[in-house]
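K.L.:
When you get a sec, could you give me coordinates for this:
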Amino acid sequence: MRAPMSRFIFGSVLSLLFFGCASRKAPESATKKAEQKYAEARLLLTKKDFTGALKRYDEVIALAPSFAGVRINRANLLWQLGRLLEAQRAFDEGIQLNSQDAEAWYNRGSFHYDQKQFRKSFEDLVVATQLDPRDPEKWLNQGLALRELGKPREAILAFERALQLRPVFAYAAWQIGGSYLETLRDGKRAVLAFFHLLKVAPNQVGAWAATARALAETGKKTEANLYANIAVQMKREESSDADVQTFVAETLKHVPWFKEIPPTSKAMEAHCVVGREFFCYRIGRALMEEKKPEALPFLEKACKGGVIYACSDTGVAYRRFRNDLKIAEKFASDACEKTDAIGCFNAACFSCVLRQDDKALGYLIRAKNLGLDLSERLLKDSDLDCIRERPDFPQLRAALTE
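P.N.:
Below you'll find the model as predicted:
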């Protein structure tokens with residue numbers, strides 16, 4: 001099973017470098033003029049003026065030729081522009097200047113992967129993980145390169161290392177399950193990996209469909225039908241009828257005994273047990289959609305079982321069905337601690353309604369740092385009046401949406 005995300009993972013670091021989040025500052029020996037040109041390059045990148053940014057990078061290198069980091073940024077930009085031979089030279093130059101820079105090796109490994117030079121990619125990523133063994137994305141991408149080299153078991157070890165470092169790393173769990181299912185034909189281990197995936201990504205249609213397929217491979221027909229049902233129900237919530245019909249037809253290829261059942265049936269509820277709390281979550285979500293307060297115990301059980309998003313949704317349910325903002329804020333805060341950005345935002349809303357302005361602002365900062373776009377939410381969400389009423393709101397808005 002090959003999920004279409006490897007370029008996204010590699011591209012995420014590329015984007016960070018483009019906008020300076022992962023870039024090195026100019027060394028102290030660099031002139032003020034070089035530092036100014038470097039800052040100008042970063043600004044031009046935010047405006048998507050790649051030609052202007054490239055010119056500034058060249059000017060920085062002329063002024064401070066020992067600045068390795070700018071060469072890596074320049075290499076990424078050349079890669080983005082399709083100037084591959086120049087990008088390769090720039091990567092090589094940057095690494096020659098600073099061979100202890102894990103990000104440089106990582107980005108060159110990403111470049112080689114994109115060019116389907118998987119052996120070179122793997123070799124660079126080995127160095128990257130040696131220099132920075134605590135970064136899960138480096139291990140994940142090393143696993144992707146190993147898989148392309150026809151070494152699925154070694155790839156799984158790298159994916160598992162990524163998952164150990166970041167237990168909520170859904171893509172790593174996806175790759176483990178897919179490697180077992182597609183390459184090694186080991187349905188039982190695939191199921192275990194997909195169970196972990198469902199715990200950290202319970203809203204991914206593909207995760208439920210893949211688990212259904214893995215269960216079908218192991219001969220568990222009843223369970224496979226239940227998981228396939230949730231996948232179809234979720235697909236129906238987000239897609240057109242035609243797309244749902246296509247999805248059902250694809251489901252029948254892997255679960256030929258598929259038969260639709262209600263999302264809150266007794267058969268579904270029977271699977272809301274310890275170790276399968278993601279089932280509790282889906283039942284709770286279905287009951288929430290039906291505006292039924294019976295959703296609460298299912299969502300709470302999922303939250304206690306560590307299902308991501310469940311704590312945040314439990315907070316929403318407490319507000320909706322019991323109007324208990326303090327308990328709602330507690331659950332949303334728990335979600336925020338588990339790196340759920342929406343949980344942080346909900347906690348901010350609940351705190352704001354409770355007139356806990358500073359607490360709300362702290363949650364908003366956390367949500368922003370986790371990658372949530374607050375630009376529209378700050379202006380339109382009625383729960384955030386306490387933030388908008390602050391005299392320093394213009395400055396806060398700028399800081400939270402930059």
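K.L.:
Tell me where the protein is predicted with low confidence.
P.N.:
Low-confidence segments of the chain (pLDDT under 70): 1-30.
K.L.:
Tell me how many other residues surround the closest residue to L370 other than its chain neighbours.
P.N.:
Closest residue to L370 apart from its sequence neighbours, by C-beta to C-beta, 6 or more residues apart in numbering: A341 at 3.8 Å. For every residue, glycine as well, the C-beta is placed using N, CA and C. By the criterion of other C-beta atoms under 10 Å, A341 has 19 neighbours.
K.L.:
And the next helix or strand past the helix or strand encompassing D243?
P.N.:
In this assignment (DSSP states H and E), D243 forms part of helix 241-254. Next in sequence after helix 241-254, counting helices and strands by DSSP H and E, comes helix 266-269.
K.L.:
What is the subsequent helix or strand relative to that next one?
P.N.:
Past helix 266-269, the next helix or strand by DSSP H and E is helix 277-289.
K.L.:
what residues does that following helix touch?
P.N.:
Helix 277-289 is contacted by residues 195, 198-199, 202, 226, 230, 233-234, 263-264, 268-269, 271-273, 294-299, 301-302, 304-307, 309-310, 313-314, 316-317, 320 when judged by C-beta atoms under 8 Å, 6 or more residues apart in numbering.
K.L.:
Now that we have the residues you listed, which of them are buried?
P.N.:
Buried residues within the contacts of helix 277-289, defined by neighbour count using 16 or more other C-beta atoms under 10 Å: 195, 198-199, 202, 226, 230, 233-234, 263-264, 268, 271-272, 295-299, 301-302, 305, 307, 309-310, 313-314, 316-317.
K.L.:
Does A216 touch H254 like I think?
P.N.:
Yes. Using C-beta atoms under 8 Å, A216 is in contact with H254, at 5.6 Å.
K.L.:
So which of these two has more stuff around it?
P.N.:
Comparing A216 with H254 by other C-beta under 10 Å, the one with more neighbours is A216, at 23 against 17.
K.L.:
residue contacts, the residue nearest to that one when sequence neighbours are not counted?
P.N.:
Once flanking residues are discounted, A216 sits nearest to A224: 4.1 Å by C-beta to C-beta, 6+ apart. With contacts defined as C-beta under 8 Å, 6+ apart, the neighbours of A224 are 212-213, 215-216, 255, 257.
K.L.:
Which pair of those residues spans the longest distance?
P.N.:
R213 and W257 (12.8 Å; C-beta to C-beta).
K.L.:
quick one, which of those two is more surrounded?
P.N.:
Between R213 and W257, R213 has the larger neighbour count (other C-beta under 10 Å), namely 26 against 11.
K.L.:
which residues sit against the helix or strand hosting the more buried one?
P.N.:
Assigned by DSSP H and E, R213 belongs to helix 205-217. For helix 205-217, the surrounding residues in contact (C-beta under 8 Å, 6+ apart) are 1, 3, 170, 174, 177-178, 180-181, 185, 187, 190-191, 194-195, 197-198, 201, 223-228, 230-231, 234-235, 238, 251, 254-255.
K.L.:
coming back round to it: residues touching the residue nearest to L370, list them.
P.N.:
Counting by C-beta under 8 Å, 6+ apart, the residues that A341 touches are 366-367, 370-372.
K.L.:
from the residues you listed, which single one is nearest R56?
P.N.:
G371 (27.3 Å).
K.L.:
L184 and A155 touch, don't they?
P.N.:
No. Under the criterion of C-beta under 8 Å, L184 is not in contact with A155, lying 10.3 Å apart.
K.L.:
of the two, who's got more company?
P.N.:
More neighbours surround A155 than the other of L184 and A155, with 24 against 13 (other C-beta under 10 Å).
K.L.:
Report the buried residues of stretch 363-372.
P.N.:
Within stretch 363-372, judged by 16+ other C-beta under 10 Å, the buried ones are 363-368, 372.
K.L.:
Could you pull up phi and psi at the residue nearest to L370?
P.N.:
For A341, the backbone dihedrals (degrees, to the nearest 10) come out as phi -60, psi -40.
K.L.:
In terms of helices and strands, where is R236?
P.N.:
Going by DSSP H and E, R236 is part of helix 221-238.
K.L.:
How far off centre is that helix?
P.N.:
23 Å (C-alpha atoms, centre = their mean, to the nearest Å).
K.L.:
How about stretch 375-386?
P.N.:
25 Å.
K.L.:
Output stretch 37-45 as CSV, nothing but the C-alphas.
P.N.:
What follows is stretch 37-45, C-alpha atoms only, in CSV (Å, rounded to 0.1, in the frame of the first residue of the first chain):
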residue,chain,number,x,y,z
LYS,A,37,20.7,40.3,1.8
TYR,A,38,19.8,37.0,3.5
ALA,A,39,16.8,38.7,5.2
GLU,A,40,15.8,40.1,1.9
ALA,A,41,15.9,36.7,0.3
ARG,A,42,13.6,35.3,3.0
LEU,A,43,11.1,38.2,2.4
LEU,A,44,11.2,37.7,-1.3
LEU,A,45,10.4,34.0,-0.8
